[in-house]
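# Test case, fold it:
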Amino acid sequence: MSVNIKKFALTEKRIYEIKIKKGRHYHSSHWNRIAWMLSKDNTLVQNIVIPKEAWYPDDPNTKDDSDYNKLFGFGQFNHHKNSARFVWLPDFFREGYFDIFAYVYQNGKWKSKYITNVRAEETNAYWLEAYDGAGYMFTVNGKELMFPATNTPYRWILQPFHGGDLKAPQTYTIEIY
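Okay, the predicted model is just below:
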């Protein structure tokens, strides 16, 4: 299946921003109140800028450097049992770059697959489509990855979250267009 990248309406008008403060996992904004809405939509489309302040170096003294930072996705009532999200990690070999992954929980077990690498401060187009009972299509800037998984037509829209155990090492703001 191919996604028409022209469907991404890039705009200079910011819809909202997500500020995650140093030492926290979650943001606190108006979007927080609407992020956990039940959705029957099969598709989420977001144009996102990850700022250079979100990049942090590898720390050999902690096991938490491999904690994925979540952007957005779908959850199915218990997102640690069944969900699909875009996640990111700093590219520890190139400052100011981020590795983007598809991240899926299936029956309580998670798997991730690399999609692409993006640069800080650039707008990138993300498209997540759920195929009921068949899986998810993850697309970033036209690069597609199909991730087979069972799912239902009812899902929650999941919000950004920093880390698993690792909290934000500094304050940063993700911009959504």
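# Where does residue 53 sit: helix, strand or coil?
helix (DSSP: H, G, I helix; E, B strand; the rest coil).
# In contact with it, which residues?
170, 171, 172, 173 (CB atoms under 8 Å, 6 or more residues apart in numbering). Every C-beta, even on glycine, is put in place using the N, C-alpha and C of the backbone.
# same question, residue 81
Residues near residue 81 by CB under 8 Å, 6+ apart: 105, 107, 108.
# Let's have the contacts of residue 53 in TSV, adding neighbour count, pLDDT and distance to residue 100.
Putting the contacts of residue 53 into TSV (neighbours: other CB atoms under 10 Å; pLDDT from 0 to 100; distance: CB to CB, whole Å) gives the following:
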residue	neighbour count	pLDDT	distance to residue 100
170	12	93	20
171	14	95	22
172	21	94	16
173	16	93	18
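# Could you dump those residues into a markdown table and include secondary structure and distance to residue 44?
Putting the contacts of residue 53 into a markdown table (DSSP: H, G, I helix; E, B strand; the rest coil; distance: CB to CB, whole Å) gives the following:
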| residue | secondary structure | distance to residue 44 |
| --- | --- | --- |
| 170 | coil | 27 |
| 171 | coil | 26 |
| 172 | strand | 22 |
| 173 | strand | 20 |
